[in-house]
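Q: no FASTA, just this:
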């Protein structure tokens, strides 16, 4: 673990966001070894060398730490997805890559690290803010791709844009929602390609 | 409960399938009151007035009884779906009704009776034979509707039939799979219509 005094701020010791990041980084490591459900804030404090009171200065509960870890995981997936979408030239290919990458990246992240997956699954089950925001951003990205395809002439323009984007989102949801993904393992090989093809047929002008 | 001697078979007392049906009917009632997980075969035997040994003559385990109950639930949903599909004239409307009815019927059955839902969810999670067979029959029904639509000229004919039916099945799966359905409640109002529209756009010739 990094020293808590590594980035001092002149006025009041280390900047708050640095300490928060350090707690989250240490908690991520600790949860990934010992599990999220079983660890208490006391265990965590002992393991990372801070007092429980000090941790509570930055996070109101274990869930708040879990939520931050979950937000980081989802942000990582989202970055992969955006990079894949940006690398594709035309909207139909952007859509295919989006679907493929969201599945691959979720599987990689979660199944490298089953214990972190549990945090994300719990977050999604309880509708934590981090997962709600993630789902909204993914819907936004989808809507952008559909709109680009309408402008380029690749996609039809008759259906209301928000309705189309929402329906495509519903098709993808079982593969991007951490809790649902575990029930769709048997389909993660073929489903992204098959469902992308179906969606693209539905978008043809 | 019906009398075990109601339909005697001359050779060896009540026909086996009658006794099996009686055990399943009594067990359904008992599980729906007391839950499946918590009830043992001994509890069940006591409650329905047979000896444990007698029940084991017909079912090798509690799971075997649960599987039969689950098969009955799924068969009931399937009957609703087939009736709705048969009542519609053209293939596009058959598809819409199929989707709508599968959601309505699953919700009705399971949420009238939360305890029976737990059996079906457990069955689906463990891939019991009853749910595997149900999923296969639903896929078959979908393929029949798509094929009818191709013959009537309502649907395109370029995509391989089995690929098309499989992809539509994947779109419906979160709403027909008992374990997945519970994570899709917030979408059960709108999703069937929105996803049916998307699927029908993908099928247009």
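A: That came through, no problem. Model, not experiment: these values are computed from the prediction.
Q: okay, now residue A:155: neighbour count?
A: Look at residue A:155: counted by other CB atoms under 10 Å in any protein chain shown, it has 23 neighbours. (C-beta placed from N, C-alpha, C; glycine too.)
Q: next up, identify which helix or strand the residue nearest to it when sequence neighbours are not counted is on.
A: The shortest distance from residue A:155 to any non-neighbouring residue, by CB to CB, 6 or more residues apart in numbering or on different chains, is to residue A:149 (3.5 Å). Taking DSSP states H and E as the definition, residue A:149 sits inside helix A:129-152.
Q: now residue A:60
A: Under DSSP H and E, no helix or strand contains residue A:60.
Q: mind listing what the spatially most central residue of chain A touches?
A: The residue lying closest to the centre of chain A (CA atoms, centre = their mean) is residue A:74, at 1.5 Å. If you count contacts by CB atoms under 8 Å, 6 or more residues apart in numbering or on different chains, residue A:74 has them with A:120, A:130-131, A:134.
Q: what do you get if the cut-off is 10 Å, keeping everything else the same?
A: Contact analysis of residue A:74 by CB atoms under 10 Å, 6 or more residues apart in numbering or on different chains lists A:106, A:109, A:120, A:123-124, A:130-131, A:133-135, A:137-138, A:176, A:178.
Q: out of the residues you listed, which is most surrounded?
A: So for the contacts of residue A:74 (other CB under 10 Å), the most neighbours sit at residue A:120, 29 neighbours.
Q: just say helix, strand or coil for that one.
A: Judged by DSSP: H, G, I helix; E, B strand; the rest coil, the three-state class of residue A:120 is helix.
Q: surely it touches residue A:73?
A: Yes. Residue A:120 lies in contact with residue A:73 (CB atoms under 10 Å); the separation is 5.5 Å.
Q: who touches both of these two?
A: Residues touching both residue A:120 and residue A:73 by CB under 10 Å, 6+ apart: A:106, A:109-110, A:113, A:130-131, A:134, A:178.
Q: now the residues you listed in TSV, please, with extra columns for pLDDT and distance to chain B.
A: As requested, the shared contacts of residue A:120 and residue A:73 are exported to TSV (pLDDT from 0 to 100; distance: CB to the nearest CB, whole Å):
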residue	pLDDT	distance to chain B
A:106	86	15
A:109	76	20
A:110	71	16
A:113	75	22
A:130	85	17
A:131	85	12
A:134	91	15
A:178	76	10
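Q: need the residues of chain A near chain B, please.
A: Proximity of chain A to chain B is confined to A:124-125, A:127, A:156, A:158-159, A:163-164, A:166-171, A:173-175, A:177, A:179-180, A:182-184, A:186-187, A:190-204 under the rule CB under 10 Å from any CB of the partner chain.
Q: still on that earlier bit, elements contacting the helix holding residue A:149?
A: In terms of contacts (3 or more CB pairs under 10 Å, 6 or more residues apart in numbering or on different chains; DSSP states H and E), helix A:129-152 is packed against helix A:62-87, helix A:91-112, helix A:114-125, helix A:161-176, helix A:178-181, helix A:191-203.
Q: shaky segments in chain A?
A: A:1-14 (pLDDT under 70).
Q: now do 90
A: A:1-22, A:26-40, A:44, A:47-50, A:62-64, A:66-74, A:106-132, A:174-190 (pLDDT under 90).
Q: quickly list the domain ranges of it.
A: Annotated domains of chain A cover A:8-60, A:64-203 [automatic domain parsing].
Q: most packed of those?
A: Of all the domains of chain A, domain A:64-203 has the most neighbours on average by mean count of other CB atoms under 10 Å in any protein chain shown, namely a mean of 19.
Q: and the end-to-end length of it?
A: The straight-line separation of the ends of domain A:64-203 (CA to CA, to the nearest Å) is 40 Å.
Q: just give me how far it sits from the chain centre.
A: Domain A:64-203 sits 9 Å away from the centroid of its parent chain (CA atoms, centre = their mean, to the nearest Å).
Q: can you add distance to residue B:96 and give the domains of chain A back as a markdown table?
A: Formatted as a markdown table, these follow (distance: least, CB to CB, whole Å):
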| stretch | distance to residue B:96 |
| --- | --- |
| domain A:8-60 | 42 |
| domain A:64-203 | 14 |
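Q: hang on, residue A:54 in a helix?
A: Yes. If the criterion is three-state DSSP, then residue A:54 is within a helix.
Q: OK, contacts around it?
A: The neighbours of residue A:54, taking CB under 10 Å, 6+ apart as the test, are A:4, A:19, A:23, A:45, A:48.
Q: show me which of those is closest to residue A:56.
A: Nearest to residue A:56 out of the contacts of residue A:54 is residue A:45 (CB to CB; 9.0 Å).
Q: grab the nearest non-local neighbour of that closest one.
A: residue A:52 (4.3 Å).
Q: cool, and residue A:188?
A: Spatial nearest neighbour of residue A:188, excluding adjacent residues (CB to CB, 6+ apart): residue A:103 at 5.4 Å.
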